[in-house]
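> Provided below are the primary sequence and the corresponding predicted coordinates.
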Amino acid sequence: MAENMDQDNGAQNPEVTILPKESPHTLLSQALFWLKFYSDNNTDLSPIENAQDILTRLLVLFPENTSEKNDEIAFLNKDFEVCAITRLDLIKAVFPKPIVLMLSDEDMHEIASGMGDTYNNNGYWEDLDLAVNRTIREKSEEM
């Protein structure tokens, strides 16, 4: 870090250099260059060269994200709640109220998680298919 003199009071202030955000491939290439430049001929650089080769192959398969691609990923990955449970649901399902009142929020999270796992493994994808097709059908009828 370079230092410069503060013009107002003559104090030394570190000069901060902000570097552009570099891709891992660029950083690895730069590191390899400087290691080769400063190292003696006995230094084994093959692990870094192998990592660079793997990263180069990955970049061919998965090009670096653009902001447009990041927006698309965020749009596609937006959550929409499918179901929620309440203690009242448990009472409606014929569990005794005194028992339900003893359940902590942690217990309720555990029950909800178990239900989510069960639903995901037993019918979620079929129900998703039905719901999507129904919505698309209704949307096309509106047009």
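Looks like it arrived, so ask away. Residues are numbered from 1 along each chain as shown.
> tell me the domain ranges of the protein?
Domain segmentation of the chain under automatic domain parsing yields 23-67, 87-142.
> can you put those domains in CSV and add distance to residue 80?
Using the backbone N, CA and C atoms, a C-beta is placed for each residue, glycine as well. Supplementary listing: the domains of the chain in CSV, determined by distance: least, Cβ to Cβ, whole Å:
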stretch, distance to residue 80
domain 23-67, 23
domain 87-142, 11
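> turn those into CSV, including mean neighbour count and distance to residue 73.
Written out in CSV, the entries for the domains of the chain read as follows (neighbours: other Cβ atoms under 10 Å; distance: least, Cβ to Cβ, whole Å):
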stretch, mean neighbour count, distance to residue 73
domain 23-67, 11, 7
domain 87-142, 11, 20
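> and of the ones you listed, who's closest to residue 81?
When these are ranked by proximity to residue 81, the top entry is domain 87-142, at 11.1 Å, counting by Cβ to Cβ.
> ok, residue 97 - contacts?
Residues counted as contacts of residue 97 (Cβ atoms under 8 Å, 6 or more residues apart in numbering) are residue 91.
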